[in-house]
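>>> Give me coordinates for this.
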Amino acid sequence: MNKLKKLTSILIFNFLLAAAMPGFSILRAQAIQPQRFIVDFRTLPAGLKADPAILKITPIFSAPAPKQFQNIFKIDTTYSAAALQQIYGSAVVYIHPDNQLEAGTVSINDPGFSADPANADREWGLLKSHYPEAWNKTTGSQAVIVAVIDTGIDGTHEDLSAGQVVAGFDFTTQAAIPAGSDSDVNGHGTLIAGVIGATPNNFRGIVGTNWNIKMMPLKALDASGAGESADVAAAIVYAADHGANIINMSLGGVGFAHDTTLSDAITYAFNKGLVIIAAAGNDVASSGGDLDLNPVFPICDDNGQNMVIGVAATDINDQKAQFSNYGKNCVDVSAPGKRILSTINRDPLSHLPAPSSYAYASGTSLAAPFVSGEAALIKALYPQISNQEIRDRIINSADPIDQLNPTQCGGASCAGDLGKGRINAFVALDPNLAASISDGSLVQSATTGQAYLVSGGQKHPVSAFVLGQRFNAAAPRTVPDYVLDPIPGGAYATPLDGTLVKSPQDPTVYEIISGFKRPITLQIWKQRAFQPAQINILSSQEVSSWVTGTFLPPIEGTLVRARTSRTIYWVIDGLLHPMNRGFFLSRGLSGFPIMVLNGNDLAGYARGSAYIR
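Numbering: from 1, shown residues only. As a prediction, the model looks like this:
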């Protein structure tokens, strides 16, 4: 009873307070708590600012505003909308609440997704990379095609059968792959495809980075997950010629050495506007391998222009995954790659069929498709953007994580070895994110005077030698450090192709070719008649920053073999092609001299396909 009396007294007090004020009516008592309205007045009422119920009045449009917007105000008042209309009706054009807006939220019913960023059993990588926020801007486009160069894709999987798997090609059998078919007898490619484009909101499995996407299966790896660089190169060219916008290569390492064919294929696709993404690889070392010392391909096939976005793997804490390779020259960004939930069609252990299944997997293979998905969202939101601009957006929008990796790279700091940082898909879509210095610019720091070549989304230090030789001692444009600092650092700018270089402490002489330093063996030095006067001795820091390529090959057309082997190779297009006896004799090569190479050296040369008859 006492509680009822107390409540009743409050209501009566409020009503009496409002009714007792001079000039107030019962109608005005309908709104006691302040509210905010947008009001457009024909003319501003004379007594409006003196009205005690008008707590604040603010013009919405800054002066000088166009005539039609000059009398529109935000008004904080204890009046209700009806009261305002009644009192000032003759002067009011319209009145409505100042509605509160907020970023839209995405609704996801796939059981593998969780909004909890700490839930390592669900798709934590999407949250860590800020995909849910990015989806408020775009969820992708079916006009964007990602070529997945891998073991194929199971287009019959329950999470990949909504039309996102288009027709492709099997380079291991030279056969077409029909759209929506199962071309994957290993499971690896299906795992990658799930990260990129698993069907959203189907109450099954997981959601991909893109809700709308087309994926082109290009099968260059066999049932064991192995393949030849020639097939990978052919797949890259196929993607470029058949409408792909992005290439995902979750492959590399052993068996994928640099060769001219692979490098030329990458150049071809990049020059046709494709975004090329490759995994950093999982080294056999317990802490991953340093790609600056031991490069792997295709991630390091940048051709001096950062044509390949290299991706290292991180865990849920933004630390380098123990298995992930790293390095300043080849890694551009990092992405989630440890305990990633995705689609499979084969049991990872028994390799037996496991239709419409899911599994956790780890590796830089899983990190690369997170970046491919990011590139696809950028392309969807900005259809006319170039591949270089997409690359630069991906790099420049990454969140720094060096401070979280003080000892994770071979026991030392990972500073610069994980690229610009872990990707942030939301920031990458920001319309205001743009490069402040155009690609190809020659600039210098206003503080230190160090010259840089801005290329491939990185700033490459330019030594005095390279400035004079390659740039004819052109004067770089001086820029403030706040403009230079956000641009990630890269290797030193290389000299012109054909330049012979060495460092003071290393006896090895290298020839610069397409951004690589290629070691010259003693036999090739003599065959090509190089002279000591041609050698340019540069700083160790400069020379060591360049990626080491395969050995400089013998002169075109040379026949070679190892001391311990009877196999004869023919040097064509810079590659050593092994020949069988039938081909050797049919081409009339038996009368030509054969260079005998040291057995240990032979492994350092780039190999080509076999010539047989």
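
>>> Okay, strands next: where are they in the stretch 251-400 of the chain?
275-279, 308-314, 333-336, 340-346, 353-361 (DSSP state E, counting those that start in this stretch).

>>> since we're on Pro593, how many residues are nearby?
Neighbour count for Pro593, taken as other C-beta atoms under 10 Å: 7. Using the backbone N, CA and C atoms, a C-beta is placed for each residue, glycine as well.

>>> swap in Asp392?
Other residues near Asp392 number 23, with proximity taken as other C-beta under 10 Å.

>>> swap in the one 10 residues further on?
Asp402 has 17 neighbouring residues, counting by other C-beta under 10 Å.

>>> With Pro519 instead?
Pro519, neighbours per other C-beta under 10 Å, totals 17.

>>> Equivalent analysis for Asn109, please.
11.

>>> Can you give me the separation between it and Gly163?
19 Å (C-beta to C-beta, to the nearest Å).

>>> what's the longest strand in the chain?
Scanning the chain for the longest strand, with DSSP state E as the assignment, gives strand 140-150.

>>> Pull out the C-alpha coordinates of it and format them as PDB.
Extracted C-alpha coordinates of strand 140-150, given in PDB (Å, rounded to 0.1, in the frame of the first residue of the first chain):
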ATOM      1  CA  GLY A 140      31.700  -9.100 -52.400                       C
ATOM      2  CA  SER A 141      30.600  -9.400 -56.100                       C
ATOM      3  CA  GLN A 142      30.000 -12.300 -58.400                       C
ATOM      4  CA  ALA A 143      31.800 -10.200 -61.000                       C
ATOM      5  CA  VAL A 144      35.000 -10.900 -59.200                       C
ATOM      6  CA  ILE A 145      36.800 -14.100 -60.000                       C
ATOM      7  CA  VAL A 146      39.500 -15.700 -57.800                       C
ATOM      8  CA  ALA A 147      41.600 -18.300 -59.500                       C
ATOM      9  CA  VAL A 148      42.600 -21.000 -57.000                       C
ATOM     10  CA  ILE A 149      45.800 -22.700 -58.300                       C
ATOM     11  CA  ASP A 150      45.800 -25.800 -56.100                       C
END
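
>>> helices or strands next to the helix or strand following it in the packing?
Sequence-wise, the next helix or strand downstream of strand 140-150 (DSSP states H and E) is strand 168-170. Using 3 or more C-beta pairs under 8 Å, 6 or more residues apart in numbering; DSSP states H and E, the elements in contact with strand 168-170 are strand 175-177, strand 212-219.

>>> Run through who's touching the first one.
If I follow you right, that is strand 175-177. With contacts defined as C-beta atoms under 8 Å, 6 or more residues apart in numbering, strand 175-177 is touched by 152, 167-170, 183, 217, 219.

>>> For Trp124, find the nearest of the strands of the stretch 251-400 of the chain.
Ranking those by proximity to Trp124 (C-beta to C-beta) places strand 333-336 first, at 7.0 Å.

>>> Can you report phi and psi for Lys517?
phi -100, psi 120 (degrees, to the nearest 10).

>>> hang on, it packs against Gly549?
Yes - shown here, Lys517 and Gly549 form a contact pair, counting by C-beta atoms under 8 Å, at 6.7 Å.

>>> and the helices and strands packed on strand 168-170, which is most packed in?
strand 212-219 (a mean of 27; mean count of other C-beta atoms under 10 Å).

>>> Show me the domain layout of the protein.
The chain breaks down by automatic domain parsing into domains covering 31-97, 124-428, 442-484, 500-548, 559-602.

>>> Can you give me the first-to-last residue distance of the longest one?
Put plainly, it is domain 124-428. 19 Å (C-alpha to C-alpha, to the nearest Å).

>>> can you pull the contacts of the residue nearest the centre of the chain?
By C-alpha atoms, centre = their mean, the mean C-alpha position of the chain lies nearest to Val371, the distance being 3.6 Å. By C-beta under 8 Å, 6+ apart, Val371 lies in contact with 277, 309, 311, 333, 335, 394, 423.
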